[in-house]
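> coords below, sequence missing:
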């Protein structure tokens, strides 16, 4: 173990990395299916069925990444876990109720009597909206160091709206990939409008965090960091331009490039996430608690790490398998 | 009301709602695998029809279990941060292993199991069904390991008030774990047995004579008749284990105040914690000693031993534990009588459901959710029975509670309760709606309107 240096240093760092990875995977995967829920009112009844069918086999596994992320926070950083979750008590409750309403709607709308379907569609929309907004609100409050004041609340409300827009944007790009015909054209229109929200949202969080924290300002706007970090915003801008261009030219013959908006959006989300992770490191509760201060005992982390190294490749393996099995355009979901 | 009591009610409500669905999915997963394997071997449609009907019930239950399970995982942090701060080094890895070895497995393969039948080869679909059943069982295993450890902690030491693991083998195989795991898995089997029998008896009574209905009735009654004696045996062993490690809980279950030999079994009473005695007691002499120690003059601990000199109680609240235990046992005995008489009729008459008297079929319908009642009652017995401890001897429930304003807890509690009641009503409604209309035979052109079905000529 000496070869890796002090386990009290590298273990918390490794777990911060694993937690970051599962949050990122969660935001990309559950992001698109929550986003589709937010777009629900803009679709016709047949389109709604197709939208649900495109996420039916995946949503459950997508949501598991949230459980993993919260699990790692709870397991690896127990002290931070309590501080963060009690500070976010109400938005967490809103998110949970949203996830409940959204999750049960998948099953109920397909099995309940036809006249109740509209009710479950509403539950799907409101659940997705509540979950997206509250996650954005929590993100905003977290960026503001979990401090409650009129200014931070306004900032959090703004990020709530922007994250919801970002989710519906990635949802629309998923639909471009999975849908055909009218619904695909509709999804392209949704994405063309949503992209401006994404630009504003990325801008708000990128400018908001250095504005409130001198430390984050220092980390980005000093030399030589400025040069080393310059590729991050530049590549993001490039990705946005590419997205804007491809959305203008879709749909094409033989469904060409329909995978591109979704892939580009994932890349964009990843870059944004890396930027945030860089800003906050080494803090797990911004400006209050570092990940080293709040980490669990090294021997407990070691036990989990061994399991993680064995199990994570398998999880990734069968997650890929399920996306391969259900590749191609979404068709009606049937239990056979 | 203060934050502590509201948080307890909230956690109790959340876990009570959550436990209903894993209780169904754990065993139903294996029943589905059984249906699938029987179909693969025999090629008979009734097995596939049964699979297709019950996989919908599985999907619905699984969905509700997932969303309420996510709620549980957040509740630790929002309402009980002290728990993870004190025993996180032990609870953490156990929960992490649950997510990694069970949660992902079931969640990913569920997609293939539900919607992949026409997209993957038959063997892969059967494998997916197996992996989902295996995943739900693994999930239950890890959660029960943690729950058992909280009841009978082992393999750790306290340093500066924080628990540190010293022996993972002792933590996982803590003294009450094997009993708790077996008791819960059998409870799940019984819940599903009576769910199968109840819903199918309802379909049968409405005139649905499709092959899968009789298959499910026979499977349900058979499973129930098989498991109930095993469960009574497992419960007895679990009781002996509890007597050894948590005598205060057993004393509360029996509402026994004074330690001594020849303790009677209290059938009914109103326990009074202030007067420290029972009112209106109806009891059978010596029976509690006989059941608990297997000797008529065995010594059974009394609640009065768990009161300190200054009058503070270290035993759980008596009445809820006492009543919950009686509800559980009573439900179990009803299950025994019903499943055995139904099995006896079917074996004696060498027929399926048509061999059952109508009143017996009708009696099975209200038993549809009897497993839920017994499981919840058992859960209350064991969990309230652990109070005032959260982790026996290590930390009390009071020490773990979050410092959140009580109106916040009250508000979220009201919201959760509203959502849960609505979902429970919807769930039961949809199950019976499926029983009336969701039949696959209809899609293949066979009428299943009540009264219009041709009765099979058997």
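Everything's here; your move. As the structure is a prediction and not an experimental result, all values here were calculated from the model. Numbers count the residues shown, from 1 in each chain, chains lettered A, B, ... in the order given.
> can you report how many residues lie near the residue of the stretch 251-400 of chain B found nearest chain A?
Among residues of the stretch 251-400 of chain B, the one nearest chain A by C-beta to the nearest C-beta turns out to be residue B:400. It sits 9.9 Å away. Yep, even glycine has a C-beta here, placed from its N, CA and C like the rest. Neighbour count for residue B:400, taken as other C-beta atoms under 10 Å in any protein chain shown: 22.
> do the same with residue A:330
Counted with other C-beta under 10 Å, the neighbours of residue A:330 add up to 22.
> also residue B:344?
Neighbours of residue B:344 (other C-beta under 10 Å): 11.
> over to residue A:124?
Other residues within reach of residue A:124, judged by other C-beta under 10 Å, total 25.
> which ones are touching it?
A:37, A:40, A:52, A:101, A:102, A:105, A:106, A:109 (C-beta atoms under 8 Å, 6 or more residues apart in numbering or on different chains).
> measure the first one to chain B for me?
Separation of residue A:37 from chain B (C-beta to the nearest C-beta, to the nearest Å) stands at 14 Å.
> look at that residue and report its pLDDT.
If you check residue A:37, the pLDDT there is 92.
> for the most centrally placed residue in chain A, give me its contacts.
Geometric centre of chain A, nearest residue: residue A:27, 1.2 Å, by C-alpha atoms, centre = their mean. Counting by C-beta under 8 Å, 6+ apart, residue A:27 touches A:269, A:273.
> buried residues, the host helix or strand of it. List them.
Using DSSP states H and E, residue A:27 maps to helix A:7-39. Within helix A:7-39, the residues scored as buried using 16 or more other C-beta atoms under 10 Å in any protein chain shown are A:7, A:11-12, A:14-16, A:18-39.
> next: stretch B:339-349.
B:339, B:341, B:342, B:343, B:345, B:346.
> would you list the residues you listed in a markdown table and tack on secondary structure and pLDDT?
Below are the buried residues of stretch B:339-349 laid out as a markdown table (DSSP: H, G, I helix; E, B strand; the rest coil; pLDDT from 0 to 100):
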| residue | secondary structure | pLDDT |
| --- | --- | --- |
| B:339 | helix | 91 |
| B:341 | helix | 90 |
| B:342 | helix | 89 |
| B:343 | helix | 87 |
| B:345 | helix | 84 |
| B:346 | helix | 85 |
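> how about those residues in a markdown table, adding distance to residue B:13?
Output for the buried residues of stretch B:339-349, formatted as a markdown table (distance: C-beta to C-beta, whole Å):
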| residue | distance to residue B:13 |
| --- | --- |
| B:339 | 31 |
| B:341 | 36 |
| B:342 | 34 |
| B:343 | 37 |
| B:345 | 40 |
| B:346 | 40 |
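> ok, and of those, which contact chain A?
For chain A, no contacts are drawn from those by C-beta under 8 Å from any C-beta of the partner chain.
> how close does the residue most central in space within chain B sit to residue B:318?
With distances taken as C-alpha atoms, centre = their mean, residue B:375 lies nearest the centre of chain B, 3.8 Å away. For residue B:375, the distance to residue B:318 equals 22 Å [C-beta to C-beta, to the nearest Å].
> then residue A:304?
Residue A:304 sits 40 Å away from residue B:318, going by C-beta to C-beta.
> with residue B:229 instead?
30 Å.
> these two: which has the busier surroundings?
residue B:318 (25 against 12).
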